[in-house]
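J.: Fold the following and give me the result.
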Amino acid sequence: MIEQFSQKAQEELKSYVYILIDPRDNKIFYVGKGYGNRVFFHINEAIFNPSGTEKLEIIRAIKLENLKVKHFIVRHGLEENEALIVESVLIDFLTFKDFAEIAKISNIVAGHYSFNQGIKTVNECEILYNCEVLKNEDIKHNILVININKTYDNKRKKKSENPIYDRPNIYEATRGWWVLDKNRAENSDFVLAEYKGVIRAVFKPEKWVQDIENRGVKRWGFEGSEVTSKEILDIYMNKEVSKIRGMANPIRYFEKIPTTNNGR
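T.: Okay, here's the model as predicted:
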């Protein structure tokens, strides 16, 4: 587990709310807010501060068993006043006497921004923002990269209340409907969802379709599934896509570089 965030990750995280979990029973024992490397301060505090608060005693007991406290970022990218509200709501929710047993949560679909601002380990937060650039020589497949800044941004004013414009998750925000080269799309092994310059999901298209009644004859979408293969995700996931100045088209095609045997 990392012990501090890179400078780039700190800048992107802004103010955040975090929880500390006891690995012995996987229960939350502390909720806090902060910025920078605040989430990591409690470990050093337990070592150098002789006080006997319950929080510090739990951390010391964990370390005595050669275990490590689990750090999770619950929400980030917040203003300080927003972080204070989220922190207080979490504390109230977790300590309210009538909520001794929390179950049957009906809104089981993750929130709209869960893939980037939802609950994450500190390692996942670091990977999320301290991204490597996707280099041409690293591309092992024919890929179609789709920028979903507009379709995935739920703060954007809807064109219509028509449900066909709803984008409840990253798959729906990526799968359609785009003006593109159908032949090149069908030749693509994977479709990559690019959000704010970084690949945030990888999909395997099974077929390309049209919705002529609602979308007309120029727009295409795909039906497929999200890729979970570690081999594929390690190549593309959370990689930064180089920007092209002045480019407004959300569609970009990349082809794998053929391997050569140097005549052998």
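J.: okay, and the helix or strand of this structure with the least pLDDT?
T.: Using mean pLDDT, DSSP states H and E, helix 114-117 stands out as the lowest-scoring helix or strand of the chain, at a mean of 60.
J.: Could you point out the helix or strand that follows that one?
T.: strand 120-121 (DSSP states H and E).
J.: Would you list the strands that that next one pairs with, along with their directions?
T.: Its sheet considered, strand 120-121 pairs with strand 70-78 (antiparallel) by DSSP bridges.
J.: Which is the succeeding secondary structure element to the partner strand?
T.: helix 80-95.
J.: Next, the angle strand 70-78 makes with that following helix.
T.: Orientation check (axes from the mean of the first three to the mean of the last three C-alpha atoms, to 10 degrees): helix 80-95 against strand 70-78 gives 140 degrees.
J.: so what secondary structure elements neighbour the longest strand belonging to the chain?
T.: Taking DSSP state E as the criterion, the chain has its longest strand at strand 198-209. On a contact count with 3 or more C-beta pairs under 8 Å, 6 or more residues apart in numbering; DSSP states H and E, strand 198-209 meets helix 114-117, helix 170-175, helix 182-186, strand 190-195, strand 219-226, helix 230-236, strand 239-240. (Glycine included, C-beta is placed from N, CA and C.)
J.: make it 7 Å
T.: helix 170-175, helix 182-186, strand 190-195, strand 219-226, helix 230-236, strand 239-240 (3 or more C-beta pairs under 7 Å, 6 or more residues apart in numbering; DSSP states H and E).
J.: Average pLDDT for the helix or strand hosting residue 15, rounded please.
T.: Using DSSP H and E, residue 15 sits in strand 15-22. Regarding strand 15-22, the rounded mean pLDDT is 95.
J.: List the neighbours of whichever helix or strand comes after that strand that are in contact with it.
T.: Past strand 15-22, further along toward the C-terminus, the next helix or strand under DSSP H and E is strand 27-34. With contacts defined as C-beta atoms under 7 Å, 6 or more residues apart in numbering, strand 27-34 is touched by 15-22, 55, 58, 83-84, 87, 90-91, 94.
J.: Just the buried residues of those.
T.: Among these, the ones that count as buried by 16 or more other C-beta atoms under 10 Å are 15, 16, 17, 18, 19, 20, 21, 22, 58, 83, 87, 90.
J.: Chain neighbours aside, what residue packs nearest to the fourth one?
T.: Counting by C-beta to C-beta, 6 or more residues apart in numbering, residue 39 is the residue found nearest to residue 18 once chain neighbours are left out, at 4.4 Å.
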